[in-house]
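Sequence first, then the predicted structure:
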Amino acid sequence: MSFLFLKWPSKLQWRQFFKVLSKKEKIVFFVFLFLAFSSFLFLSNNFYLKNTEIKPAKGGTYIEGVVGSPRFINPLYSQTNDVDRDLTELIYSGLMKHNEEGKVVIDLAKEYKIIEDGKIFEFYLKENLLWSDGKSLTADDVIFTIKTIQDPSSKSPIRASWLGVKVEKISDLGIRFELKNSSAVFLENCTLKIMPKHIWEDISDQNFSLSIYNLKPIGSGPYKVKKITQDKEGNIKSLELTINSNYYGNLPNIPKIIFSFFKNEDELIFAFNSNQIKGFSLISSSEKHQNLKGNDFSNNRLLMPRYFAVFFNPDESKILADKKVRLALSYGTNKEEIINLVLPNQGRTVDSPILPEIYGFENPSKIYEFDLEKAKQILEEAGFIEKENGMREKVIRKEPAFQFKSDLQVGSQESEVQELQKCLTKDPDVYPEGEITGYFGEKTKEAVIKFQEKYKEEILTPYGLTAGTGRVLKSTRDKLNQLCAAPSEETLSLSFTLTTSVATTTNQILAEVANLLKNQWGKIGINIEVKVIDSKLFPEEIIRPRNYEMILFGQGLELILDPFPYWHSSQIKDPGLNLAGYENKESDKLLEEARQSLNEEKRKIALEKFQNILIEDAPAIFLYSPDYLYLTSKEIKGVSVKIITDPSKRFSDIENWYIKTKRVWR
C-alpha cells in the first residue's frame, strides 16, 4: 500500500509529462480533462438545484397606475374614492381583514369571542402593536375610531353600518361590541381600518376633512407614506410608499411602492405600454384592452361579488307597478348579448341577487330566459296594443267617481245638489250667480230651466215639451252626466326613462348597456329614453331622492352575504339602498333570519327561499356580474388573491408579492 504515500508530481515533472506525450495523446488528455471538469460542474449544479429552492427576496420597486388622485387616505372617508381606498388598504389595519381567498380572518386582533348568540363580540388585540410613528396601538384607538364614525357631525359615509352598535373598553387590549340584534355579518364590519387616536383626537369634526393627515397618514399597515410629488398647479402626480418597520406582520418583500395618478384610462394605457408603470386596473370596455401592446403582463382575473341590474321604481311610474309589464321586460332582455357586445370574456350573466355560483347556493327555481315572443304575448294579454310606429299603448276607460242618479227639485239638498250646482256653474249663461249651497232653491231652479232649454233637442223635445220644468229627471240627468260626469279615457304608453351613471369620459360601460337595453326593449314595443348622469352627482340627485323610473346600477356584496340593505322594506327610504322599493313581509322575515342566525345551514335555506320569492315578484332585472381585471407586469410575482369585495382588496396579500428571488437550501 506504499503507493498511497507517493508524492504529487512537481511542476517540473508535469512539464516533462507533457513533453513525453505525442500530439495525439495531448489532445486525448485535454479532451478527457475537459469532460471531467464539465461533469464536475454539471453534477455540482444539479446537486445545488436539487437541494435548493427559489424563494422571494427583498428588493425592487412596484409602480401602480390609477385614474384619479387621493383626497382622504383616512378610513373615515376613504369609501367614496377608489384611490383613497387603495391607499388606506396598504397603510392601515383593522381588527379583521380579508385574506387572499376572501375569508375574514384576524388582523390586529389576536382572538375574538362571539357571545349571546351573536349579540356581543369581544376582541383582544395582539400585544406590542405600534403605529408607524412608534406610538402604541390600543383599545382606545379602536373605540375612538368607532365613536368618531358614529358621530353624525363627522359625516362619514359608513356611519349607517355602525348605528346601534355599543362599544366599550374591557382593557388596554380588549374591546366589547354590543348589538341590538344577533348578527352573522358583524365580523365583516370589523374589517374597518383603525385610526390613531393620538393624531386625530385634537382635530375638530369640522376640520377632519381639512387635516394634513388625510394625505400624510399615520397607520399600522404594511406600508407608510414617504413622499408626495405635485405639479406646479399643486395636483398630486405620484405618492411613494415605503415599508412600515413597525408593522406587526411579515414585512413585505417589495420595499417601495409608487402610485402614479392619471386623468383617464387612455393616459394609463400609454404609461403601461411605455413601461412607466407595472400594474393597473382596467374597468372600461374591451376596446381599451386592444390598445395594450405586447404580452409581457399577467391578466389577473378576480372574482368580485357584485351585480348590475335594472331596478324598477313603481312610485315614479305606475305602469311599472303592473307585474306583467315587469315580466315582459324580463323576458325581453338578452343578457348574453350584453356580455358578448359590451363585456366579452369579462363577466357572466346573473339571475339572482345572491350570486349562487360565488356563495355556493342553489340556483333560483325560476329564471326569465330571453324570449321575445313571450314578452310580446304578455304585453298583449295586459292590454298593450302595438301601434303603427311599433310602440305599444293601452287605453283605460275610467268611470267617473260621481254621477247624477236622483230626481231633484226645489227643496232637494245635500251632496247631489252641490254637484248639480257645480255643473251648472261651468256655463255662466245658465247659472250666472254660481252659488254652491247644497240647497235646491229658486235660483237653482231657474238655472236648470235655462239648461233644459239650451239642450231642448235632447231633454225637452223627445217628451213634447217646449219649456223647461226646473226639475231634474232622467233626460236632464243624462245630459248632466254627459257634460259633467262622463267616463274618461286614459292612454298609457309603454315609455320609460332609464337612468344610469358615468364615472369618466372613457368609462362608458353603463351607458353602452343602457343603450343596448333600449334597442332590445324597442323590439317588444317599449320606448326607452336613456338618461346618463355624472357619478359625482348621482347619489344626491338620483339615489337619495329615488328620482328615477328605472335605474341601471350596481350593488356590491360582502363575503359574508347580507342582502338586507338592498331588499328589506326598512331600507326603502334613504339612507337605505332598496332601490326598487321592494316590500314583501315573507321576504323581510327571511332576510332578518339570515342576518341574525349563526347557523350556516339555516342562513343558506333562508337566503335561497328569499331569492325565489324575490325573483317571482320581479322588482328588478338582474343582468351581469363583471370580473375585476388587474394587469401586472410579469416581473411581479406572488399575486394569489382570487376573490375580492372591492378593488382595494387586490392588495390583501401584498406581503407575498415579490420582484427579486434567491435560492435557499431546502
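Structure received.

Hmm, L239 is touching K224, no?
No: using Cβ atoms under 8 Å as the test, L239 is too far from K224 to be in contact (11.1 Å). Just so you know, the C-beta spots here come from the backbone N, C-alpha and C atoms, and that holds for glycine as well.

Would you point out the helix or strand in this structure whose mean pLDDT is lowest?
Least confident helix or strand, the chain: helix 286-289 with a mean of 56, by mean pLDDT, DSSP states H and E.

Got the phi and psi for R392?
Dihedral pair for R392: phi -110, psi 150, per degrees, to the nearest 10.

residue ranges of the helices in the stretch 151-300 of the chain, please?
Residue ranges of the helices in the stretch 151-300 of the chain, as given by DSSP state H, counting those that start in this stretch, are 186-189, 197-200, 265-273, 286-289.

Make a markdown table out of these and add distance to I243 and mean neighbour count.
Below are the helices of the stretch 151-300 of the chain laid out as a markdown table (distance: least, Cβ to Cβ, whole Å; neighbours: other Cβ atoms under 10 Å):
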| stretch | distance to I243 | mean neighbour count |
| --- | --- | --- |
| helix 186-189 | 28 | 21 |
| helix 197-200 | 20 | 18 |
| helix 265-273 | 25 | 19 |
| helix 286-289 | 33 | 14 |
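
Minimum distance to K536: which of these has it?
With Cβ to Cβ as the criterion, K536 lies closest to helix 265-273 of the helices of the stretch 151-300 of the chain, at 17.4 Å.

what distance separates the closest one from the middle of the whole chain?
25 Å (Cα atoms, centre = their mean, to the nearest Å).

Counting by contacts, list what that helix packs against.
Under the contact criterion of 3 or more Cβ pairs under 8 Å, 6 or more residues apart in numbering; DSSP states H and E, helix 265-273 touches strand 61-67, strand 256-262, strand 279-281.

counting contacts, what elements does the helix or strand that contains E416 pack onto?
Here E416 sits within helix 415-425, counting by DSSP states H and E. Packed against helix 415-425 by the contact rule (3+ Cβ pairs under 8 Å, 6+ apart) you find helix 442-454, helix 474-484.

C-alpha coordinates for the shortest one, PDB please?
Right, the one you point to is helix 474-484. Extracted C-alpha coordinates of helix 474-484, given in PDB (Å, rounded to 0.1, in the frame of the first residue of the first chain):
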ATOM      1  CA  LYS A 474    -134.000  61.200 -16.400                       C
ATOM      2  CA  SER A 475    -133.300  63.200 -19.600                       C
ATOM      3  CA  THR A 476    -131.900  66.100 -17.700                       C
ATOM      4  CA  ARG A 477    -129.700  63.700 -15.700                       C
ATOM      5  CA  ASP A 478    -128.400  62.000 -18.800                       C
ATOM      6  CA  LYS A 479    -127.300  65.400 -20.300                       C
ATOM      7  CA  LEU A 480    -125.800  66.500 -17.000                       C
ATOM      8  CA  ASN A 481    -123.800  63.200 -16.700                       C
ATOM      9  CA  GLN A 482    -122.700  63.600 -20.300                       C
ATOM     10  CA  LEU A 483    -121.300  67.000 -19.700                       C
ATOM     11  CA  CYS A 484    -120.100  66.800 -16.100                       C
END
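
Can you check what angle separates it from helix 415-425?
Calculated by axes from the mean of the first three to the mean of the last three Cα atoms, to 10 degrees, helix 474-484 forms an angle of 60 degrees with helix 415-425.

heading toward the C-terminus, what's the first helix or strand past helix 474-484?
Next in line after helix 474-484, if elements are assigned by DSSP H and E, sits strand 488-493.

So for that next one, mean pLDDT?
For strand 488-493, mean pLDDT rounds to 86.

ok, now stretch 345-357?
On average, stretch 345-357 scores 91.

distance between it and the chain's centre?
That offset, for stretch 345-357, works out to 13 Å (Cα atoms, centre = their mean).

Could you tell me the end-to-end distance of it?
End-to-end distance for stretch 345-357, by Cα to Cα, to the nearest Å: 17 Å.

And for stretch 433-452?
End-to-end for stretch 433-452, by Cα to Cα: 17 Å.

What are the buried residues along it?
436, 439-440, 443-452 (16 or more other Cβ atoms under 10 Å).

looking at the helices and strands packed on helix 415-425, which is closest to I158?
Here helix 474-484 is closest among the helices and strands packed on helix 415-425 (Cβ to Cβ), at 58.3 Å.

outside of that closest one, which residues touch it?
Helix 474-484 is contacted from outside by 400, 403-405, 419-420, 422-423, 426, 448, 451-452, 455, 458-460, 462-463, 472, using Cβ atoms under 8 Å, 6 or more residues apart in numbering.

Would you mind listing which of those are buried?
By neighbour count, with 16+ other Cβ under 10 Å, these hold F404, E419, L420, C423, V448, F451, Q452, Y455, I459, L460, V472 as buried.

Which one of those is nearest to Q206?
E419 (60.5 Å).

if we can go back for a sec, dump the helices and strands packed on helix 415-425 into TSV; add mean pLDDT and distance to P75 as well.
Shown next, in TSV, are these (pLDDT from 0 to 100; distance: least, Cβ to Cβ, whole Å):
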stretch	mean pLDDT	distance to P75
helix 442-454	93	75
helix 474-484	91	66
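
any chance of these in JSON lines, plus distance to K637?
Shown next, in JSON lines, are the helices and strands packed on helix 415-425 (distance: least, Cβ to Cβ, whole Å):
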{"stretch": "helix 442-454", "distance to K637": "94"}
{"stretch": "helix 474-484", "distance to K637": "83"}
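
I175 is nearest to which of the ones you listed?
Once the helices and strands packed on helix 415-425 are compared by Cβ to Cβ, helix 474-484 is nearest, at 72.2 Å.

so the closest one versus helix 442-454, what angle?
Per the same axes, to 10 degrees, the angle that helix 474-484 makes with helix 442-454 is 90 degrees.

Could you pull out the buried residues of helix 474-484?
S475, T476, R477, K479, L480, N481, C484.

what do you get for stretch 461-474?
Buried-residue list, stretch 461-474, by 16+ other Cβ under 10 Å: G468, T469, G470, R471, V472.

Tell me the one of the residues you listed nearest Q377?
Among the buried residues of stretch 461-474, V472 lies closest to Q377 (Cβ to Cβ), at 48.8 Å.

just checking, the closest one touches V417?
No: contact criterion Cβ under 8 Å: V472 and V417 do not qualify, at 9.2 Å.

Overlap of the contact sets of these two?
What both V472 and V417 touch, as defined by Cβ under 8 Å, 6+ apart, is the set L408.

still on that earlier bit, so which of the helices and strands packed on helix 415-425 is nearest D205?
helix 474-484 (61.7 Å).

roughly how far is the closest one from the heart of the chain?
59 Å.

what's the answer for stretch 577-591, then?
18 Å.

Need the single longest helix in the chain, by residues.
Criterion DSSP state H: the longest helix present in the chain is helix 23-50.

Packing partners of the helix or strand following that one?
Downstream of helix 23-50, the next assigned helix or strand under DSSP H and E is strand 52-57. Counting by 3+ Cβ pairs under 8 Å, 6+ apart, the packing neighbours recorded for strand 52-57 are strand 660-665.

Excluding residues flanking it in the chain, which one is nearest Y455?
K479 (5.3 Å; Cβ to Cβ, 6 or more residues apart in numbering).

Tell me which stretches of the stretch 451-600 of the chain form strands.
Here the stretch 451-600 of the chain has its strands, by DSSP state E, counting those that start in this stretch, at 488-493, 495-502, 527-534, 550-556.

who's in contact with K256?
Here K256 is in contact with G60, T61, Y62, K226, E240, L241, T242 (Cβ under 8 Å, 6+ apart).

er, E100 actually
S640, V641, K642, S652, D653, N656.
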